[in-house]
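Asker: Next input, structure requested:
(chains A and B)
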Amino acid sequence: MKSPINVRNVVVALVALGLTLLPVYSALTGNIFILTLFTRIVIFALAAASLNLIMGYGGMMSFGHAAYLGIGGYAVGILAFEGIGSGFIQWPVALAASALYALVIGALSLRTRGVYFIMITLAFAQMAYYVTSGLSRYGGDDGLTIYKRSTFGGLIDLSNRVQFYYLCLFCLFGGIYLIWRIINSRFGMVVQGIRSNEQRMQAIGFHANRYRLVCFVISGTICGLAGALLANNTDFVSPAGMYWTRSGELMVMVVFGGMGSLFGPVIGTIVFLLLEELLSQFTEYWALIMGPLLLLIVLFARGGIMGVLGRFSRG
Amino acid sequence: MLVLVEQSLNGLQFGLLLFLLAAGLTLVFGIMDFVNLAHGSLYMMGAYFAATFVAWTGSFVLGILLALGATLLLGIALEFIALRHLYGRDHLDQVLATFGLILFFNDAVRLIWGPAGLSLPLPAWLTVPVQIVPGVFYPAYRLSIIVVALAVAALLYIVVMRTRIGMLIRAGASNREMIGALGINIKLLFTLVFGLGAALAGLAGLMQAPILTVQIGMGENILILAFVIIVIGGIGSIRGAFMAAIFVGMIDTLGRAFLPDLLRMVLSSSAASTAAPALSSMLIYLLMAIVLVVRPEGLFPAAKR
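Answerer: Numbers count the residues shown, from 1 in each chain, chains lettered A, B, ... in the order given. Predicted structure coming up:
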């Protein structure tokens, strides 16, 4: 039996504690900026965690995950624009729309493997980008401003920064708990088995693509929730938010943290977005540093941050 | 009718440009098993080099030749410094590393040339309209793109199918270890192929430069089209890339030209003019979806390894 206390688990516990106590720190120091920054980080961490479910555990390299952020966001934005402000309607619609999109895209894309899959998910996300650019009633290219955040019948006030932060954090922890339950269930075992050896799983009677597709849809639905949160956070949705570089950034967050580790995407997102924030304060040309850094990480730090921490704990 | 001829030629011209881009991508993928997202950046660099060198030298032809050489060198340098270390890695690593290169190139261009786009003016002898059939005039420059691209496609075919280098390239695509064991310098061959792909991307970029504005991010949208093309054509297949590129170029151009009018027959005029661009952008992806359903390995798959 391995001891549960090792470097990796301690880091995870500290990060989780830090995220939970952040509003307290923000209130004590009067630093509102850090709260808004971390609200964004927590939302992206949820998106990255959903991507990790299919990338890390399912072996499906989706390069189109930004589409779900956009679809979830547009569901909230369009309903708000049409005068339906209740989150009890907006959010289920956001989830259902993402799930439906994932079902269609997944059914088509999963006919292929490897590089084809990367390119096809990318191309379909780009198609979604063009579709939203064509929605002239909802702002087209310019995007759609959301004048009123989702309401939940007085249960929670999304305009209150602290309440909204805790809602996002609740969704993140809930999402990670759900993913943890999934990967340890029979279903999750089958999906991971298919990732390691598809032929063998087929031979013992599992319909590989059905399992893959369900996993793909679950991931898209969780990411749609992140999209609904993001739209409420920025009070704005636009096609630019689902541009393919956004999908690339999500992949980077997952790989930074460590693909196939439950909490890795959260740490990867924190590192990526803090680094972006830091570098862009230092220079306007932050990508000039971020780009080569990414190349170096891919070349030399396999397994991401969690992988490196794991090597630490083994001694 | 005249519009149809003109737009078909535009479609052919765009398709051929897409082919130049897709050929490099599919060649590199087929032989090195390497996914290069930064291929679009090389396209962009070709255009920026052309705009700069033409302005420096004052000669259009000299400028674009220099730009072609510069893109070739840039591609070889890129391969030598960074990308050759990624050949054996899995595709995700390659995608992420080259994604990092895109970020780098976009900001590098912004630093060097500034955020505003450049334009590449054409010399007078390329701006005259040419009469192709009686009564139909077509811009000389666009016509010359068609001629050059067709010539390059033919040359590529001859090089790959009829020369010793081409034989090695094809052998490398079907079994890398074996040709290495037979004493071929495979590293050199890979660098050569990558340089060739870079030059093709640069050529596409610099030929497109006088038609569009030279701007940051110009390589990204067209890169995704190139991906769609190689998925439709079958990865690693140059013939497939050619067919699919012409097909996609035609659909894209004709869709943009005629869909608004077609939609106006069923929709109100304002609804049609906003729905049409989105719909014509979608057409290509719909085509890709259909191809995937019918033939997941593409229309002209390269021979199995």
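Asker: now the host helix or strand of B:Ser41: how far from the chain's centre is it?
Answerer: Element membership for B:Ser41, per DSSP states H and E: helix B:39-57. Counting by Cα atoms, centre = their mean, to the nearest Å, helix B:39-57 is centred 14 Å from the centre of its parent chain.
Asker: same question, stretch A:254-261
Answerer: The answer for stretch A:254-261 is 12 Å, by Cα atoms, centre = their mean.
Asker: Tell me if I'm right that B:Ala276 and B:Phe258 touch.
Answerer: No. In this structure, B:Ala276 is not within contact of B:Phe258 by Cβ atoms under 8 Å, at 9.2 Å. C-beta coordinates here come from the backbone N, C-alpha and C atoms, glycine included.
Asker: more crowded one of these two?
Answerer: Comparing B:Ala276 with B:Phe258 by neighbour count (other Cβ atoms under 10 Å in any protein chain shown), the higher total belongs to B:Ala276, at 22 against 15.
Asker: which residues sit in contact with that one?
Answerer: By Cβ atoms under 8 Å, 6 or more residues apart in numbering or on different chains, the contact set of B:Ala276 is B:Arg256, B:Leu259, B:Pro260, B:Leu263.
Asker: So which of the residues you listed sit within helices?
Answerer: Of these, the ones assigned to helices by DSSP state H are B:Arg256, B:Leu259, B:Pro260, B:Leu263.
Asker: Tell me how far the first one lies from chain A.
Answerer: From B:Arg256 across to chain A, the span is 12 Å (Cβ to the nearest Cβ, to the nearest Å).
Asker: so the nearest residue to that residue once chain neighbours are set aside is in which element?
Answerer: Leaving out its chain neighbours, the residue that sits closest to B:Arg256 by Cβ to Cβ, 6 or more residues apart in numbering or on different chains is B:Ser280, at 4.8 Å. In this structure, B:Ser280 sits in helix B:269-294 according to DSSP H and E.
Asker: where's whichever residue of chain A sits closest to chain B relative to B:Val266, distance?
Answerer: Among all residues of chain A, A:Gly134 sits closest to chain B, at 2.4 Å; criterion: Cβ to the nearest Cβ. Going from A:Gly134 to B:Val266 by Cβ to Cβ, to the nearest Å gives 16 Å.
Asker: higher neighbour count, these two?
Answerer: Between A:Gly134 and B:Val266, A:Gly134 has the larger neighbour count (other Cβ under 10 Å), namely 20 against 8.
Asker: Could you verify my assumption that that one touches B:Leu279?
Answerer: Yes. Counting by Cβ under 8 Å, B:Leu279 is a contact partner of A:Gly134 at 7.2 Å.
Asker: show me the residues around the most centrally placed residue in chain A that make contact.
Answerer: Central residue of chain A (Cα atoms, centre = their mean): A:Ala47, 0.9 Å from the mean position. A:Ala47 sits next to A:His65, A:Tyr68, A:Leu69, A:Cys223, A:Ala226, A:Gly227, A:Leu230, A:Leu250 when contact means Cβ under 8 Å, 6+ apart.
Asker: so where does the fourth one fall, helix or strand?
Answerer: Here A:Cys223 is covered by helix A:208-234, with elements defined by DSSP H and E.
Asker: Other residues contacting the helix or strand following that helix?
Answerer: Note on helix A:208-234: by DSSP H and E, the next helix or strand toward the C-terminus is strand A:236-237. Identification of contacts with strand A:236-237 by Cβ under 8 Å, 6+ apart yields A:Gly70, A:Gly73, A:Tyr74, A:Val76, A:Gly77, A:Gly143, A:Leu144, A:Thr145, A:Ile146, A:Ala231.
Asker: same deal with stretch A:14-28?
Answerer: Contacts for stretch A:14-28 (Cβ under 8 Å, 6+ apart): A:31-32, A:34-35, A:38, A:42, A:161-162, A:165-166, A:169, A:172-173, A:263, A:266-267, A:270.
Asker: In chain A, what helix or strand scores lowest on average pLDDT?
Answerer: helix A:304-314 (a mean of 74; mean pLDDT, DSSP states H and E).
Asker: can you give me the offset of that helix from its chain's centre?
Answerer: 22 Å.
Asker: does any part of that helix sit near chain B?
Answerer: No. Against chain B, helix A:304-314 shows no contacts by Cβ under 8 Å from any Cβ of the partner chain, the least distance being 10.7 Å.
Asker: buried ones in that helix?
Answerer: For helix A:304-314, a neighbour-count test (16 or more other Cβ atoms under 10 Å in any protein chain shown) marks A:Gly304, A:Ile305, A:Met306, A:Gly307, A:Leu309, A:Gly310 as buried.
Asker: give the contact list for B:Val128.
Answerer: B:Val128 sits next to B:Ala140 when contact means Cβ under 8 Å, 6+ apart.
Asker: gap between it and B:Ser144?
Answerer: Distance, B:Val128 to B:Ser144, by Cβ to Cβ: 11 Å.
Asker: Identify the residue nearest the residue of the stretch 151-300 of chain B found nearest chain A in space, chain neighbours excluded?
Answerer: Closest residue of the stretch 151-300 of chain B to chain A, Cβ to the nearest Cβ: B:Ala278 (2.4 Å). Once flanking residues are discounted, B:Ala278 sits nearest to A:Gly134: 2.4 Å by Cβ to Cβ, 6+ apart.
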